[in-house]
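# predicted model and sequence below, questions to follow.
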Number of protein chains: 2
Amino acid sequence: MHFTSEQRLDDALLENNLLEREFTLGDIPGILWTPASASASAPAPLILLGHPPLGLRKMYPRLVDRARSAAADGFATATIELPGSGERPRLPALDQARADLRRAMEAGEAVGDDIIDALVLPLVDKAVPEWRAALDSLLSLPEIGGPVGYSGGVMSIGIRLALVEPRIAAAVLFAGSLVPRAMFEEARQLTVPLHVLLQWDDEGNERHAALELFDAFGSEEKTLHANMGGHTGVPRFAGDAAAQFFTRHLK
Amino acid sequence: MHFTSEQRLDDALLENNLLEREFTLGDIPGILWTPASASASAPAPLILLGHPPLGLRKMYPRLVDRARSAAADGFATATIELPGSGERPRLPALDQARADLRRAMEAGEAVGDDIIDALVLPLVDKAVPEWRAALDSLLSLPEIGGPVGYSGGVMSIGIRLALVEPRIAAAVLFAGSLVPRAMFEEARQLTVPLHVLLQWDDEGNERHAALELFDAFGSEEKTLHANMGGHTGVPRFAGDAAAQFFTRHLK
C-alpha cells in the first residue's frame, strides 16, 4: 500500500478532525480516513465503507460524509475502488450484464436470474480478495486496530466478505441491490451480528426478496431497520442507529 | 383522578429518581410515574404505556422498568388498567373470545377473523375513550406537559388512539398481537410518526400480517425494527432505539 496524497479535513462541527489519505494497493486506488484521535497507543477500530460500482470519484461526497460521521464516533474508515469501476480497467462481461439489466428494466420485464448472476457473482469473486488484501495493509498501520466492521455497498460483497474474512466482526448491509440466489446459501452460513437497512419503497430492489434474505441470514443477532423512501432516501436517524450498532460491536 | 398512594422509587443507577403514584379514574386503576426533574416550571412530556390485557399487577415489573428508562430520558409515564383485566369486572364476551382463541391455537387451527374481531374490537372500543379521559386528567397536572407518546400494548388500541386523539404526537407500536382486518383501514389513515417493533420469531404473531400492516400505515415517517427472538425477547438495544424515537419527536 502506497500513500499518494494526504490532506486534513477540518470540520467546524466536529472536534474530531479527519486525516484523508489516498493510496494505491497494486493498481487499486483507495482512501483511508483516520480521526485525529487515532494513534499507535490508541488505535482506532476500522469500518470498511462499501459502495455501489459507480466509481470512487462519483461516490466521494457520500463516502466522506460517512467517514466524518464515523470519525465522530472514533472510527477509522477506508474504501477501495471496485473492479471495473472508476479508473480501473473495464470488465466487458460486467458492462454487458449492466446493459442487459438496463434493457430488461426499461422494457418493464422481470430481471432474470441469469442477468443478476452475471452482474453480481463475478464482481463478488474479484472484489472480496481485494478487500481482504486491503485489510492486511490497513491493519498493519499502527493507528488502526481492533475489530473491523463492513458497511453498505453491494450487498453480496458484504455477505461474502463477512463469511470468509474472520476479522469482520459486524456488518451493516443495505438491502438495495440484486442478490443472486446462490448468495442465499452463503447468507445462511453467516454468524456475525448484522444490521440490515431496507428502504421500503426502493425502486431498485424487491422488498419481498430483501425480507426473504433477512430471514435467511444465519446470524443470531440480526436487526432489520426499514424506513420509508427510495434508494437514496435513508433518513439521518437510520444512519445514527447503524453507528450505534458499530459502537456496540466494535468498541 | 384521585391519587391513592405515592412512593419514591430510588435507583442507585439513575440520578433521576422516580415518583410513583397510583390513582383511580372513576373505577379504573392507573399508575403515574414522574421523574424528579418534572415540575410546573419544567413539565415533563408524557408517554402512555400500553400493555397486554393481563392485569396491571402482573405487568407491573415490566411497566416499572419501562417507566425507569423513560424517566432517565426525562419522560413521565402513565398507564391504566384495561377493560376486563386485573381487578376490573370481567367482560364475558372477551373471556369467551379468549377461550375460543386458546382452543383454536391448541388445536393448531388458523385463528379465524371472527375470533380476532371478537377478541380485539370491543376491547378497542371500550379502552380508547378511557385512555383519552386519563389523558385529560394527566395533562391537567402542572408537572406534565407537551406532546404525548403512546407505546406498546395491544396494537389495535395504539392504532385507534393515535388516529382519534390529536394529542398523541408519536407512537411506538409492538407488532405482537392479532389485528382485525377492520383496523387496517384505520392504519391507512394514520399520520403520526410511527416506530414499529417486530419480533421476527414471535410465536403469537403472523410475520406476514405484521409486514402487511406496516405497509398499510399511512404515516409519512414510519420505521420498522425487526429483531430476532420471541414475543418477550425484545433486545435492550431495541428499547434504546424506541427511546431515541420518542426523544426525537416529543422534545
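Yes, it's here. Residues are numbered from 1 along each chain as shown, chains lettered A, B, ... in the order given.

# rest of the way, CA atoms for contacts and neighbours
Will do.

# how about the residues of the stretch 101-250 of chain A by chain B?
By CA under 8 Å from any CA of the partner chain, the residues of the stretch 101-250 of chain A that approach chain B are A:Glu220, A:Glu221, A:Lys222, A:Thr223, A:Leu224, A:His225, A:Ala226, A:Asn227, A:Met228, A:Ala241.

# pretty sure the first one is touching A:Thr191, no?
Yes - between A:Glu220 and A:Thr191 there is a contact at 6.6 Å, judged by CA atoms under 8 Å.

# more neighbours: which of these two?
Per other CA atoms under 10 Å in any protein chain shown, whichever of A:Glu220 and A:Thr191 has more neighbours is A:Thr191, with 17 against 14.

# which of the residues of the stretch 101-250 of chain A next to chain B fall within strands?
Assigned to strands by DSSP state E, the following of those qualify: A:Lys222, A:Thr223, A:Leu224, A:His225, A:Ala226, A:Asn227.

# and these, which is closest to B:Asp73?
Closest approach to B:Asp73 among these (CA to CA): A:His225, at 22.6 Å.

# now for the ones in strands among the residues of the stretch 101-250 of chain A next to chain B: which two are most distant?
Across those (CA to CA), the longest gap, 16.4 Å, separates A:Lys222 and A:Asn227.

# remind me which residues of the stretch 1-150 of chain A are low pLDDT?
A:11-16 (pLDDT under 70).

# can you name the residue of it nearest chain B?
In the stretch 1-150 of chain A, the residue that lies nearest chain B is A:Asp73 (17.3 Å; CA to the nearest CA).

# what are the phi and psi values at that residue?
phi -90, psi 10 (degrees, to the nearest 10).

# pull the contacting residues for it.
A:Ala243, A:Thr247 (CA atoms under 8 Å, 6 or more residues apart in numbering or on different chains).

# kindly report the same for A:Ala99.
No contacts exist for A:Ala99 under CA under 8 Å, 6+ apart.

# how does it look with 10 Å?
A:Ala93, A:Met105, A:Ile115, A:Leu119 (CA atoms under 10 Å, 6 or more residues apart in numbering or on different chains).

# for A:Ala241, same thing?
Counted by CA under 10 Å, 6+ apart, A:Ala241 has contacts A:His195, A:Leu197, A:His225, A:Thr247, B:Phe237, B:Asp240, B:Ala241, B:Gln244.

# buried only: go through the residues you listed for me.
Among the contacts of A:Ala241, those buried by neighbour count (16 or more other CA atoms under 10 Å in any protein chain shown) are A:His195, A:Leu197, A:His225, A:Thr247, B:Ala241.

# tell me which of the residues you listed is nearest to A:Leu163?
After measuring these against A:Leu163 - CA to CA - the closest member comes out as A:His195, at 14.9 Å.

# how far away is A:Ala134 from A:Met59?
19 Å (CA to CA, to the nearest Å).

# looking at these two, which is more packed in?
A count of neighbours by other CA under 10 Å puts A:Ala134 above the other of A:Ala134 and A:Met59, at 22 against 14.

# so the more buried one is in which element?
helix A:113-139 (DSSP states H and E).

# return the set of buried residues in that helix.
A:115-121, A:123-124, A:127-128, A:130-132, A:134-135, A:138-139.

# before we move on, the earlier item: want to throw the contacts of A:Ala99 into CSV with distance to B:Ser177?
Output for the contacts of A:Ala99, formatted as CSV (distance: CA to CA, whole Å):
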residue, distance to B:Ser177
A:Ala93, 50
A:Met105, 39
A:Ile115, 41
A:Leu119, 41
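
# can you show me the CA trace of stretch A:144-154 as PDB?
Taking Å, rounded to 0.1, in the frame of the first residue of the first chain, the C-alpha atoms of stretch A:144-154 are listed here in PDB:
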ATOM      1  CA  ILE A 144      -5.600   1.200  13.100                       C
ATOM      2  CA  GLY A 145      -6.500  -1.700  15.300                       C
ATOM      3  CA  GLY A 146      -9.200  -3.900  16.800                       C
ATOM      4  CA  PRO A 147     -12.200  -5.500  15.300                       C
ATOM      5  CA  VAL A 148     -13.300  -4.500  11.800                       C
ATOM      6  CA  GLY A 149     -16.800  -3.600  10.500                       C
ATOM      7  CA  TYR A 150     -18.100  -3.600   7.000                       C
ATOM      8  CA  SER A 151     -20.800  -1.200   5.900                       C
ATOM      9  CA  GLY A 152     -23.100  -0.800   2.900                       C
ATOM     10  CA  GLY A 153     -22.300  -1.200  -0.800                       C
ATOM     11  CA  VAL A 154     -23.100  -4.200  -2.900                       C
END
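
# could you pull out the helices for the stretch 101-250 of chain A?
A:113-139, A:155-164, A:181-189, A:207-216, A:236-250 (DSSP state H, counting those that start in this stretch).

# could you check the angle helix A:181-189 makes with the longest one?
Put simply, helix A:113-139 runs at 50 degrees to helix A:181-189, going by axes from the mean of the first three to the mean of the last three CA atoms, to 10 degrees.

# please apply the same query to the second one.
Orientation of helix A:155-164 against helix A:181-189 (the same axes, to 10 degrees) gives an angle of 40 degrees.
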